[in-house]
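> Predicted model, plus sequence, below.
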Amino acid sequence: MQELKITMLGASGVGKTTLLTVMYEQFESCIDAVNLQLTPDNDTSAILQERLAELKSLLNQFTAKGRVGIEGTEALAGPQSLQPYVLDIGKIGKEPSLRLSFHDFPGIYLSSNASSEEKEFVNSLIEKSSVILIAIDAPALMERSGKYHDLINKPQAIKDYFKKNLKSLQNPKMVIFAPVKCEKYLQTPQKTQELIDAIRKGYSNLIKYFQSSELNPWIVSILTPVQTVGEVIFYRIEEDSNGNPKFSFRKTKADAKYNPKDSEQPLRYILRFLLKLHIDGRQWKYLNFIRNWLGLDKELKEAVEEFAKGCKTTDGFTIMQGDKWINI
């Protein structure tokens, strides 16, 4: 089976594991019209089911203090925290033909306390992954003029990892900016535009780096806001005695239900990217399998193409750079 490596990049607590959980869970509800299925391996299935139960339980309380998400990779002990989440994709009722390996490492690896081995682990992932998904804590970015953005989202640390590992890039790479916990900021077109502008500003150094003459031909970057719960919105911030923020969230109404929105969109864009590379017809480092994966099965190609047509380009979804790599 062919494998596509995908790195979930973000600091501790921003929502990487939450994002991965809802991406998997909502995929099934969006593929009724296409002949595709996503199958986790046994370990991935068990972990994601536990995480999904945690996420849905948030709706049992009217106010969620501290986080609106689930225990992340830091909660896993030892080597288990470094094992990828494996999701196999293929036609319904057939053996899967592509493995999506999502690497969700502990966010502490982006901190100044990370060991040299931990830093090298992240370096290796970014170098070898064809898709990198940056999870963004939206309230930390948006509230109080972005006062907590650097503290929580660590954009400079993220840029530094890219600088180290994108040297002499000669193959296309997709970077997805995925703000989570962003329900409050998608209520009106004006609020949505404010979120887009804040991401462009908060990650301006990284965006400018991608637009450099050396990288611009190879990078496609997408903004995909994901409402991971749907009916829980940011409420307020309280600071402890040391000035550390505590974010509180509340349900939109007492009987609100778990209702994520657009969580399958990153997967749609990933498959659109692969489809475009197949159509392009060239061989790429780490992506040599694509021509055979889709080229030998017409029905699979048609199913992927149909699913990829659902990529949104409104309501905050923005192609920031490299649209040539996803135009089909």
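It's in.
> any idea how far residue 91 lies from residue 104?
Distance check for residue 91 against residue 104: by Cβ to Cβ, to the nearest Å, it reads 27 Å. (Glycine included, C-beta is placed from N, CA and C.)
> ok, these two, which is more surrounded?
Neighbour count, other Cβ atoms under 10 Å: between residue 91 and residue 104, residue 104 has more, with 26 against 17.
> my read: that one touches residue 85, true?
Yes. Between residue 104 and residue 85 there is a contact at 6.2 Å, judged by Cβ atoms under 8 Å.
> shared neighbours of the two, which are they?
residue 20 (Cβ atoms under 8 Å, 6 or more residues apart in numbering).
> helices or strands up against the helix or strand where residue 158 lies?
Assigned by DSSP states H and E, residue 158 falls within helix 155-165. In terms of contacts (3 or more Cβ pairs under 8 Å, 6 or more residues apart in numbering; DSSP states H and E), helix 155-165 is packed against helix 116-128, helix 204-210.
> can you tell which of these is closest to residue 288?
helix 116-128 (13.2 Å; Cβ to Cβ).
> neighbours of residue 47, just the number please.
For residue 47, the count of nearby residues is 20 (other Cβ under 10 Å).
> wait, is it part of a strand?
No. Residue 47: not assigned to a strand; according to DSSP: H, G, I helix; E, B strand; the rest coil it is helix.
> List the beta-bridge partners for the closest residue in space to it that isn't next to it in sequence.
Excluding the flanking residues, the one nearest residue 47 by Cβ to Cβ, 6 or more residues apart in numbering is residue 85, at 7.2 Å. Per DSSP bridges, the residues bridged to residue 85 are residue 102.
> roughly how far apart are residue 85 and residue 48?
To residue 48, residue 85 is 7 Å away according to Cβ to Cβ.
> shared neighbours of those two, anything?
In contact with both residue 85 and residue 48: 20, 24, 40, using Cβ under 8 Å, 6+ apart.
> Between the residues you listed, identify the one with the most neighbours.
The shared contacts of residue 85 and residue 48, ranked by neighbours (other Cβ under 10 Å): first place residue 20, 26 neighbours.
> Next up, the contacts around that one.
8, 48, 85, 102, 104.
> Skip the chain neighbours and tell me the closest residue to the residue nearest in space to the middle of the chain.
Nearest to the mean C-alpha position of the chain, by Cα atoms, centre = their mean, lies residue 133 at 3.9 Å. Nearest residue to residue 133, sequence neighbours excluded (Cβ to Cβ, 6+ apart): residue 176, at 4.6 Å.
> cool, residue 136 as well?
residue 179 (4.3 Å).
> how about the one you found, secondary structure?
Going by three-state DSSP: residue 179 is strand.
> wait, isn't it in contact with residue 226?
Yes. Using Cβ under 8 Å, residue 179 is in contact with residue 226, at 7.3 Å.
> Adjacent strands (with direction) for the helix or strand where the residue nearest to residue 133 lies?
According to DSSP H and E, residue 176 maps onto strand 173-180. Sheet pairing for strand 173-180, assigned by DSSP bridges, gives strand 131-137 (parallel), strand 219-223 (parallel).
> How is residue 269 assigned, secondary-structure-wise?
Secondary structure, three-state DSSP: residue 269 is helix.
> got a list of what it touches?
174, 176, 222, 224, 308, 311, 326.
> May I see those residues organised as TSV, with neighbour count and pLDDT added?
Formatted as TSV, the contacts of residue 269 follow (neighbours: other Cβ atoms under 10 Å; pLDDT from 0 to 100):
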residue	neighbour count	pLDDT
174	24	97
176	24	98
222	27	98
224	23	97
308	21	92
311	21	95
326	21	94
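> between these, which is nearest residue 31?
For the contacts of residue 269, the nearest to residue 31 is residue 308 (11.6 Å; Cβ to Cβ).
> wait, isn't the closest one in contact with residue 268?
Yes. In this structure, residue 308 is within contact of residue 268 by Cβ under 8 Å, at 5.8 Å.
> same question for stretch 51-58, mean pLDDT?
Stretch 51-58 comes out with an average pLDDT of 84.
> By neighbour count, which bits of it are buried? Give me those.
51, 52, 54, 55, 58 (16 or more other Cβ atoms under 10 Å).
> for stretch 166-186, same thing?
For stretch 166-186, burial by neighbour count (16+ other Cβ under 10 Å) applies to 166, 172-186.
> centre of the chain versus that stretch, how much separation?
Remark: stretch 166-186 is offset 7 Å from the chain centroid, using Cα atoms, centre = their mean, to the nearest Å.
> distance between the ends of it?
33 Å (Cα to Cα, to the nearest Å).
> All the strands of this structure, in order from the start?
2-9, 37-40, 63-65, 85-90, 98-104, 131-137, 173-180, 219-223, 232-239, 245-251, 318-321 (DSSP state E).
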